[in-house]
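Colleague: Sequence first, then the predicted structure, then my questions.
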Amino acid sequence: MVFGAPSVIRLLIPISKIGRGFSDYAVLWFLMPTLGTVFLISFVVCEWYMQDQVMIPLRLFRNQAVAALAQCFLMGIVFEGVFVYLPLYFQLVLDKAVIESATLILRFVISQSIASVASGQYIAPIER
């Protein structure tokens with residue numbers, strides 16, 4: 001945990017502040033992602049060398065099913081953020097009405113529903 005959270009913070013802050021917080025040529029723009037990358041590499045190295053004391057053993061991800069489950073979990077987190085904050089963005093920033101916001105996000109809901117049904121139909125004969 002010593003390297004995990006600082007790496008994410010130092011990678012995301014410069015991306016969110018481009019054009020608003022500091023100029024494009026500021027030292028922080030180059031320094032923070034570099035430090036974030038160094039912390040991220042340090043986190044992976046520490047997790048690798050301290051295999052008996054890690055929070056999530058890396059050997060779990062050798063199993064293809066566990067890796068796919070972790071990927072689905074992370075994608076679910078992303079979709080939750082999209083479905084919560086995108087309507088708020090439409091309403092507060094673009095000044096759309098609630099019903100307009102709902103119709104704008106409807107294409108995401110319909111495409112996700114179709115993809116979900118299609119993947120279920122694909123997986124059902126395989127029985128996985």
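Modeller: Yes, it's here.

Colleague: rest of the way, CA atoms for contacts and neighbours
Modeller: Fine.

Colleague: Check the spacing between S119 and V66 real quick.
Modeller: Computed as Cα to Cα, to the nearest Å, the S119 to V66 distance reads 18 Å.

Colleague: Could you say which helix or strand holds the spatially most central residue of the chain?
Modeller: Nearest to the geometric centre of the chain sits V78, at 5.2 Å (Cα atoms, centre = their mean). If you go by DSSP states H and E, V78 is part of helix 64-92.

Colleague: avg pLDDT for that helix?
Modeller: Mean per-residue pLDDT for helix 64-92: 80.

Colleague: Tell me the gap between that helix and the middle of its chain.
Modeller: Distance of helix 64-92 from the chain centroid (Cα atoms, centre = their mean, to the nearest Å) equals 7 Å.

Colleague: which residues in this protein form helices?
Modeller: Ranges of helices within the chain are 4-17, 27-49, 64-92, 98-126, based on DSSP state H.

Colleague: Domain parsing of this protein, as residue ranges.
Modeller: Structurally, the chain divides into domains by automatic domain parsing as follows: 1-56, 63-128.
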